[in-house]
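Asker: I'd like to go over a predicted model; first the sequence, then the structure.
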Amino acid sequence: MKPFHTIAVPHKDILEGRLTMDVFAADLWEVYRNRGPDEYKDAETFFTKTYQTQGLEKLLNVVEKRLLGGGGNSVIQIQTPFGGGKTHALIAMYHKATEWDARRIVMVGTALGTDDTLWGLMEKQLTGKISRFKGQVSPGKEAIREVLNENQPVLILMDEVLEYVTKAAGVKVEESTLAAQTMAFMQELTEAAGTLDKVCLVVTLPSSYIEHYDEGAEKLFQQLQKVAGRVEMIYTTVQENEIAKIIRRRLFSQINEDEAKKVIAGFIEYVEKEGILPAGVEPSEYRSRCLDSYPFIPELVDVLYHRWGSFPTFQRTRGVLRLLSLVVYSLKETNR
């Protein structure tokens, strides 16, 4: 057998040992601010290293159609488990928006303080200043619609909204709170977006309890779901059978498929001869799974994604990518 790294050639960042967690941590706000690794902020590099899943392809098509005035969902929610590719999908849309000639609004709850309001941020990103949307009281549906209408097509990307609303719950606004005003804004925004042909709002919300912080945040989460849920379409961007392909694309710049098939043919012959083929799996099916996951065996990906992925503090995609990149880096000079 040939050494795996001569068949599956690792990306430059892995060969150079640039394996810190931030390289695998997708952050929409950092991309918007033109900071962070090229893997995310540079569109060409991003799409080179991104395996376009069926869910992501469908999502991009739906959003593009909407922004071009072809109809479809005005409000889209992306909901996946912890580390399931939500932010990655938002970054893909952020980069694609330039091709669609659409204005972009980016709101990331972890980056915002309570001195910021979502409506003020929206106006500033569209017009360069905050003049109509001053103060901590939501401006109302008509005012929101007017600003959006003047700037169509508009793509609004909202990530980690729950974190912002949780912080806003501690800020009093007259007889209300900033969280309550934000909820009102979210409702007005979803309604306004639905009345305009070339506006699309994409929101991410977590689907695993670990991200909801406490009971108060859980109630706020349910309110957010209720507000968006009347008009939204929920998309899942990654299916289980696509995980191995995502890992391969991110870690390796090129794979010689013919050579990989030779190695796998020898491996299948070995596991059949030794009687260690996984139970209930036909050799043809196992061969196909090996091709998808090469140079890793399918069971390794399963263990990392399902068994390790069940640990509440292990971010599936990010954690798996970093661990496997460390393994590849440590073996890149060997004949394994």
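Answerer: Thanks, I have the structure now.

Asker: thinking in terms of the whole chain, how far from its middle is the helix or strand residue 318 falls within?
Answerer: With secondary structure defined by DSSP states H and E, residue 318 is part of helix 316-331. From the chain centre to the centre of helix 316-331 is a distance of 19 Å (Cα atoms, centre = their mean, to the nearest Å).

Asker: Residue 117: neighbour count?
Answerer: Residues contacting residue 117 under the criterion other Cβ atoms under 10 Å number 25. The C-beta positions use only the backbone N, C-alpha and C, and glycine is treated the same way.

Asker: how near is it to residue 103?
Answerer: When Cβ to Cβ, to the nearest Å is the yardstick, residue 117 and residue 103 sit 19 Å from each other.

Asker: Could you do residue 53 as well?
Answerer: According to Cβ to Cβ, residue 53 stands 27 Å off from residue 103.

Asker: buried set for the helix holding residue 318?
Answerer: Buried residues in helix 316-331, defined by neighbour count with 16 or more other Cβ atoms under 10 Å: 316, 317, 318, 319, 320, 321, 322, 324, 325, 328, 329.

Asker: quick one on the thing from earlier: residue 53 and residue 103: which has the busier surroundings?
Answerer: residue 53 (21 against 17).

Asker: How about the more buried one: what's its closest non-neighbour residue?
Answerer: residue 242 (4.7 Å; Cβ to Cβ, 6 or more residues apart in numbering).

Asker: And residue 134, by the same measure?
Answerer: residue 120 (6.9 Å).

Asker: wait, what's in contact with that neighbour?
Answerer: Residues near residue 120 by Cβ atoms under 8 Å, 6 or more residues apart in numbering: 130, 133, 134.

Asker: in what helix or strand does it lie?
Answerer: Under the assignment here (DSSP H and E), residue 120 is part of helix 118-127.

Asker: can you pull the buried residues of that helix?
Answerer: 118, 119, 120, 121, 122, 123, 125, 126.

Asker: what residues are up against the residue nearest to residue 53?
Answerer: 51, 53, 54.

Asker: Just the ones of those residues in helices?
Answerer: Residues from those lying in helices, with DSSP state H as the criterion: residue 54.

Asker: which of the contacts of residue 242 lies closest to residue 151?
Answerer: Among the contacts of residue 242, residue 53 lies closest to residue 151 (Cβ to Cβ), at 30.6 Å.

Asker: picking that back up, relative to residue 77, how far out is the residue nearest to residue 53?
Answerer: From residue 242 over to residue 77 the distance is 20 Å, taken as Cβ to Cβ.

Asker: Name the helix or strand for the closest residue to residue 11 other than its chain neighbours, please.
Answerer: Nearest residue to residue 11 in three dimensions, chain neighbours excluded: residue 253, at 4.8 Å (Cβ to Cβ, 6+ apart). Using DSSP H and E, residue 253 sits in strand 252-255.

Asker: other SSEs contacting that strand?
Answerer: Strand 252-255 makes packing contacts with strand 8-10 when contacts are defined by 3 or more Cβ pairs under 8 Å, 6 or more residues apart in numbering; DSSP states H and E.

Asker: In CSV, list the C-alpha atoms belonging to the helix or strand following the strand it packs on.
Answerer: Following strand 8-10 in sequence order, the next helix or strand is helix 12-15 (DSSP H and E). Provided in CSV are the C-alpha atoms of helix 12-15 (Å, rounded to 0.1, in the frame of the first residue of the first chain):
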residue,chain,number,x,y,z
LYS,A,12,-1.5,23.5,3.0
ASP,A,13,-2.7,24.7,6.5
ILE,A,14,-2.5,21.1,7.8
LEU,A,15,0.9,20.5,6.2
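
Asker: now helix 12-15: mean pLDDT?
Answerer: Helix 12-15 shows a mean pLDDT of 86.

Asker: That one: how far from the chain's middle?
Answerer: Taking mean C-alpha positions (Cα atoms, centre = their mean), helix 12-15 and its chain are 23 Å apart.

Asker: One more: stretch 104-116?
Answerer: Distance, centroid of stretch 104-116 to centroid of chain: 17 Å (Cα atoms, centre = their mean).
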